[in-house]
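**Student:** next input, structure requested:
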Amino acid sequence: MLRMYDLRQKEIVNINDGARYGFVSDLEIDTTDGKTAALIVPGPGRVLGVFGRDQEYRIPWESINKIGEDIILVDCTTEKILSSSDT
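**Tutor:** Sure thing, here's the model as predicted:
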C-alpha cells in the first residue's frame, strides 16, 4: 500500500531526458471510480524560482513507469504535462 505521505517523499524524474520535476504536492482523484488520475508537482518558478509559481506539472498515472524507494520514474514529455495552475 502506498500513502500520500510516501509519495511526497519521492522525487519525480523523467526517463526520456532525465528532467527532475520535483516532489509530489497533490493528487488528482477520479471521483467516478476513486482511482488516482494524476500526480501534481509545482512547476518551475517565475523570477529565478523565488516569486511563486503559476504553472504545475500534471503527470497522468498512466505515465508512471516505476515507483522506487525514493524516486518515481515517469515516461512523458514536459510540454504535455506542464499546465497553468488553478490557484
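
**Student:** from here on, contacts and neighbour counts on C-alpha atoms
**Tutor:** Fine.

**Student:** show me the contact partners of the helix or strand hosting Lys80.
**Tutor:** Assigned by DSSP states H and E, Lys80 belongs to helix 78-81. Contact with helix 78-81 is made by 57-60, as judged by CA atoms under 8 Å, 6 or more residues apart in numbering.

**Student:** tabulate those in JSON lines, adding columns for pLDDT.
**Tutor:** As requested, the contacts of helix 78-81 are arranged in JSON lines below (pLDDT from 0 to 100):
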{"residue": "Tyr57", "pLDDT": "92"}
{"residue": "Arg58", "pLDDT": "94"}
{"residue": "Ile59", "pLDDT": "95"}
{"residue": "Pro60", "pLDDT": "96"}
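
**Student:** which one of those is nearest to Ile40?
**Tutor:** Nearest to Ile40 among the contacts of helix 78-81: Arg58, at 4.9 Å, using CA to CA.

**Student:** neighbouring contacts of the strand or helix carrying that closest one?
**Tutor:** Element membership for Arg58, per DSSP H and E: strand 55-60. Residues outside strand 55-60 that contact it (CA under 8 Å, 6+ apart) are 21, 37-44, 76, 78, 81-85.

**Student:** out of those, which one sits closest to Leu2?
**Tutor:** Leu39 (13.3 Å).

**Student:** which residues touch the closest one?
**Tutor:** Per CA under 8 Å, 6+ apart, neighbours of Leu39: 24-28, 57-61.

**Student:** flag every buried residue along the helix holding Lys80.
**Tutor:** By neighbour count on 16 or more other CA atoms under 10 Å, the buried set for helix 78-81 is 78, 81.

**Student:** nothing else from me, thank you.
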